[in-house]
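Q: sequence unavailable; structure follows:
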């Protein structure tokens with residue numbers, strides 16, 4: 001349905017806006033509060049972990065049991081692993097490109113290459129995040145406009161949006177430290193999130209018009225989100241936590257609890 005695609009577009013425009021807000025911290029502040037960013041990263045990771053099961057994997061299994069000729073456990077596992085593999089391959093591609101950029105030390109384009117790799121790394125991570133939002137809204141066509149399904153899609157968008165805030169700052173702040181103007185640092189920082197609306201619309205279109213891929217798409221998004229949460233967000237939120245080691249951890253617990261509460265309460 002066109003309405004679902006429009007909803008996916010609006011939601012991913014919202015996640016991009018949060019990226020822009022994170023990038024805007026370079027305009028108003030010398031540097032974002034590390035403690036606040038750590039808590040937000042922890043909260044976002046908790047939301048994403050919970051959403052990966054209740055809003056993505058569980059519906060994928062249920063849908064596979066109804067529509068797929070293959071066992072539901074195979075469909076969910078295959079999609080989940082492929083989503084994680086996609087993110088792993090993206091990371092490897094970025095690391096390879098960074099090593100190529102580092103090999104240009106002493107050349108005039110060294111600084112430009114480093115900046116490009118910084119923006120590219122965040123941009124690649126935003127692709128499956130946009131797909132996850134688009135898939136969640138596109139799946140509403142098959143499950144109907146239930147309050148549970150709608151809230152699940154919204155909470156996924158909110159969780160991804162929350163973790164986009166520090167990602168925007170993670171691009172703009174280093175650029176500012178490299179001597180770029182605040183305006184240019186902001187523009188490059190927010191640009192890293194512009195891929196999400198595109199990926200969101202693609203994800204919604206695929207699910208709406210190719211119903212058979214819905215279980216795979218849902219589990220794919222879950223695998224991508226779990227890898228991002230476990231490999232990046234959780235380790236990042238635990239940095240520099242010697243003084244208050246459980247502050248970011250409670251953010252993870254709170255994020256998981258909020259997402260679980262919404263899904264179970266509305267279910």
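A: Nice, thanks for sending it over. Computed from a prediction, not measured in an experiment: that's the story for all the values here. Numbering: from 1, shown residues only.

Q: what ranges do the helices span in the stretch 51-200 of the chain?
A: 58-67, 72-102, 110-138, 140-143, 147-177, 182-191, 195-209 (DSSP state H, counting those that start in this stretch).

Q: out of those, which comes closest to residue 232?
A: Among the helices of the stretch 51-200 of the chain, the nearest to residue 232 by CB to CB is helix 110-138 (7.4 Å). In this view, the C-beta of every residue, glycine as well, is placed from N, C-alpha and C.

Q: now the closest one: mean pLDDT?
A: Taken as a whole, helix 110-138 has a mean pLDDT of 69.

Q: and if you look at stretch 40-59?
A: Regarding stretch 40-59, the rounded mean pLDDT is 79.

Q: over to stretch 219-236?
A: Stretch 219-236 carries an average pLDDT of 82.

Q: residues of that stretch that come out buried?
A: Across stretch 219-236, burial judged by 16 or more other CB atoms under 10 Å covers 219-229, 232-234, 236.

Q: need the max-distance pair from these.
A: Comparing every pair within those by CB to CB identifies 219 and 236 as the most remote, at 25.0 Å.

Q: what's the closest non-adjacent residue to residue 23?
A: Distance criterion CB to CB, 6 or more residues apart in numbering; nearest residue to residue 23, sequence neighbours excluded, is residue 189 at 2.8 Å.

Q: same check, this time on residue 57
A: Spatial nearest neighbour of residue 57, excluding adjacent residues (CB to CB, 6+ apart): residue 222 at 4.7 Å.

Q: report the contact partners of the one you found.
A: Neighbouring residues of residue 222 by CB atoms under 8 Å, 6 or more residues apart in numbering: 52-53, 56-57, 60, 79-80, 83, 132.
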